[in-house]
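>>> Structure for this input, please:
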Amino acid sequence: MSIPNSESNNGVPYTQLPESDNDSGNTPASSCRRPKKSTFMILTGLVAFLLFFVAVKYGNNDDSDDVNPGPVPPEQTVCNMLGSNLMPLTTMRTLARGVTEGVSAKSRGHFLGARPFPWTQKMLAWQRTSFHFQPKKNWMNDPNGPLYYKGWYHLFYQYNPEAAVWGNIVWGHAVSKDLIHWQHLPVAMVADQWYDINGVWTGSATFLPNGDLIMLYTGSTNELVQVQNLAYPADPSDPLLKKWIKYEGNPVLIPPPGIGLKDFRDPTTAWTTPEGKWRITIGSKINKTGISLVYDTIDFKKFELLKGALHGVPGTGMWECVDFYPVSKIVENGLDTSENGPAVKHVLKSSLDDDRNDYYALGTYDAGAGKWVPDNPIIDVGIGLRYDYGNFYASKTFYDQEKKRRVLWAWIKETDSEAADICRGWASLQSIPRTIKYDKKTGSNIITWPVAEVENLRSNNNEFNKVVVKPGSIVPLEVGSATQLDIMAEFEIDQNVLKKVDGSNATYDCIKSGGSGERGALGPFGLLVLTDNSLSEQTPIYFYIAKDLTGNFNTFFCNDLTRSSEATDVRKLIYGSTVPVLQGEKLSLRTLVDHSIVESFAQNGRTAITSRVYPTKAIYENAKIYLFNNATDISVTATIKIWQMNSANIKSN
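Next up is the predicted model:
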């Protein structure tokens, strides 16, 4: 579970949220102390300067002709720190949110408290996604207890009903028939008890043999201690699960001896033991060793702590949002969390509080001892494989018993300034749900792939067959607006040419490289998405092939954001990693573009990269897509299918 910083409400009366749509009503204005006279004079001067700056810069240079406005608000006011929609300057945070509470910082570091780029309302309206799940307004983060119940998929999520920044965390709730179209429901659980008064944090659902449903979740107490609590539906016959009851004996677990009071969170879905008990694991740490504690229970009210831990990795720091589940080495179907046996591998995943990435490893689970051992200690949890090499955190899976699959969700945070989030009125979203499978071809990794239902949004297919992209060239792909796309691409390289190209001792690293502009013999080449006609803003998604002196190849899959936006309050990183490519395989990628989020998958999902992109020009009808090849020694032949994507129906209750 991940969280940022709200002011402590110790000693302050708590008013329970009304049972209404979590998107209804107005966001309360932020309050601040009355500024001193000197502060007032400084602010007055700043207002005058900014008004003069805006008048000069925008008064005679309206950008309304530069961008097709589309369905956006008519006003074109410039977003600035002193605008009426923003938190007053005197209350802007200069410290990361959440650290005091003992959870992951919910801020953008360098841009926290920074003045935003002068975004127009058109630009900000464009950033909202069309087929990814997000509330109508305000802050969201981690997915909680996703499940399928009586015909409905349920997504619970951490939500601030009062502002577009972290704080006041409750459980938002939405339901869907297909994981794509959603209906918002009233808030499921609020912070109204001493054991969760400082936040209803991450939890997981478990189905009992008789079909009953229970939920374990972390609460932050009135003294900011992390404890585990039990809740269950008030009316199990209600397929929408609108009302929840908290167990009167909460908390059911408190931090054990030797564990920090703020280092004990995020219980997993329970699974059965050979003795017929239930077992869960909870994230923690001892010094800098990340660990997953193991508890057994019969009734989810009394728990037994097992000796040691399910697993631990030195140097990885606090483990949060731990997940543990089986994958089949034989069948394509997903498995219930309690499955085990010789044809099963177990995935252990942790969200590392230290670097804000989700790591996983494949291994063997010893049910009798309550231990898990990685197949390859060199790529153990936290030091090896990741679900996604971009912006992807606090993920949670669930077993979909209706379609016999394991489904993965994750929190996708903003990477702009907090001030821009406040001006926009919302922050963060959920990834497209992904299925998880064991990669039977490599035997060393899992595959993540968008759920099949997303393909129902496809329309207007464009195909480009055998397009030759010569070294140093860019080829436009005419598809109209490129704001909402599903792209499937394959790249072929003449094998004889590959053999002739000399290798080198040079090593390659997506993150440490010069990005898509750094030319090598065999790369980079791929797609430019969210790109304007002048190419001043572009988001490359590409392959880079490295050949060593002995003739061996390593293939890298990268996403370069360094030229993705002309805005000054946006993080512009380079993401990526290696991707296994087997003999005879073509290089393939799939990319979902949905306004400010881009999700990309290489080699049918062996490696994935998610990014947030905030262009100022490459929006609406000015968003274009290109092929590019910056390799020096090879031509690339590309075959591409591109679908326009319809918007999902996400409505209020």
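
>>> in the chain, which residue is closest to the centre?
By C-alpha atoms, centre = their mean, the chain has its centre lying nearest to Ile412, at 2.7 Å.

>>> how close does that residue sit to Ser431?
Ile412 sits 5 Å away from Ser431 when distances are taken as C-beta to C-beta, to the nearest Å. Bear in mind the C-beta positions are built from the backbone N, C-alpha and C, glycine included.

>>> Which neighbours do these two have in common?
Counting by C-beta atoms under 8 Å, 6 or more residues apart in numbering, the shared contacts of Ile412 and Ser431 are 132, 392, 610.

>>> residues contacting the second one?
In this case it means Phe392. Phe392 touches 357-358, 386, 410, 412, 431, 608, 610, counting by C-beta under 8 Å, 6+ apart.

>>> Kindly state the pLDDT recorded for it?
pLDDT recorded at Phe392 is 98.

>>> again with the first one
The pLDDT attached to His132 in the predicted structure is 98.

>>> any idea which element it lies in?
Per DSSP states H and E: His132 is located in neither a helix nor a strand.

>>> show me what contacts the nearest residue to it once chain neighbours are set aside?
Of all residues not flanking His132 in the chain, Leu429 sits nearest, at 5.0 Å (C-beta to C-beta, 6 or more residues apart in numbering). Counting by C-beta under 8 Å, 6+ apart, Leu429 touches 129, 132-134, 140, 412, 597.

>>> switch the cut-off to 10 Å
When contacts are counted by C-beta atoms under 10 Å, 6 or more residues apart in numbering, Leu429 is found next to 128-129, 132-135, 140-141, 157, 411-414, 594, 596-597, 612.

>>> and what of Thr607?
Counted by C-beta under 10 Å, 6+ apart, Thr607 has contacts 385-389, 445, 447-448, 555-558, 576-580, 589, 600-601.

>>> Among the residues you listed, name the ones in strands.
447-448, 555-558, 576-578, 589, 600-601 (DSSP state E).

>>> show me where the stretch 101-250 of the chain has strands.
138-149, 152-160, 170-176, 182-189, 200-207, 213-220, 226-233, 244-246 (DSSP state E, counting those that start in this stretch).

>>> Find the helix or strand that Val497 is a member of.
Per DSSP H and E: helix 495-500 holds Val497.

>>> Pull out the buried residues from that helix.
Leu498 (16 or more other C-beta atoms under 10 Å).

>>> any idea how far it is from the chain center?
Distance of helix 495-500 from the chain centroid (C-alpha atoms, centre = their mean, to the nearest Å) equals 39 Å.

>>> What's the mean pLDDT across that helix?
88.

>>> who's in contact with that helix?
494, 521-522, 545, 547, 551, 553, 584, 633-635.

>>> for this structure, which spans come out with low pLDDT?
1-95, 108-114, 505, 653 (pLDDT under 70).

>>> Which stretches in it count as helices?
37-58, 121-127, 418-424, 495-500 (DSSP state H).

>>> how about the third one as PDB, C-alpha atoms only?
Included here for helix 418-424 are C-alpha records, laid out as PDB according to Å, rounded to 0.1, in the frame of the first residue of the first chain:
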ATOM      1  CA  GLU A 418       1.400  18.800  -7.700                       C
ATOM      2  CA  ALA A 419       0.300  22.300  -8.500                       C
ATOM      3  CA  ALA A 420      -0.800  21.200 -12.000                       C
ATOM      4  CA  ASP A 421      -2.700  18.300 -10.400                       C
ATOM      5  CA  ILE A 422      -4.600  20.700  -8.200                       C
ATOM      6  CA  CYS A 423      -5.400  23.000 -11.100                       C
ATOM      7  CA  ARG A 424      -6.600  20.000 -13.200                       C
END
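
>>> what packs against that helix?
helix 121-127, strand 138-149, strand 426-427 (3 or more C-beta pairs under 10 Å, 6 or more residues apart in numbering; DSSP states H and E).

>>> quick one: which of these is nearest Phe300?
strand 138-149 (13.7 Å; C-beta to C-beta).

>>> Next, the angle from that closest one to strand 213-220.
150 degrees (axes from the mean of the first three to the mean of the last three C-alpha atoms, to 10 degrees).

>>> Give me the sheet partners of strand 138-149 and which way each runs.
Here strand 138-149 has these sheet partners by DSSP bridges: strand 152-160 (antiparallel), strand 426-427 (parallel).

>>> quick one: which of those is nearest Ala506?
strand 426-427 (40.4 Å).

>>> Distance from the chain centre to that closest one, please.
That offset, for strand 426-427, works out to 14 Å (C-alpha atoms, centre = their mean).

>>> And for it, what's in contact with it?
Residues contacting strand 426-427 (C-beta under 10 Å, 6+ apart): 106, 124, 127-128, 134-141, 160, 163-166, 413-414, 416, 418, 420-421.

>>> Please report the number of neighbouring residues for the nearest residue to Ile378 once chain neighbours are set aside.
Distances taken as C-beta to C-beta, 6+ apart put Gly384 closest to Ile378, at 6.9 Å, once the chain neighbours are dropped. Other residues near Gly384 come to 17 when the count uses other C-beta atoms under 10 Å.

>>> so what's Gly384 up against?
Here Gly384 is in contact with 313, 359-362, 374, 376-378, 445 (C-beta under 10 Å, 6+ apart).

>>> if we can go back for a sec, most tightly surrounded among the strands paired with strand 138-149?
strand 152-160 (a mean of 25; mean count of other C-beta atoms under 10 Å).

>>> and the angle for that strand with strand 200-207?
Using the same axes, to 10 degrees: strand 152-160 against strand 200-207 is 160 degrees.

>>> got the angle between strand 152-160 and strand 170-176?
150 degrees.

>>> just how off-centre is stretch 194-213 within its chain?
With C-alpha atoms, centre = their mean, you get 22 Å for stretch 194-213.
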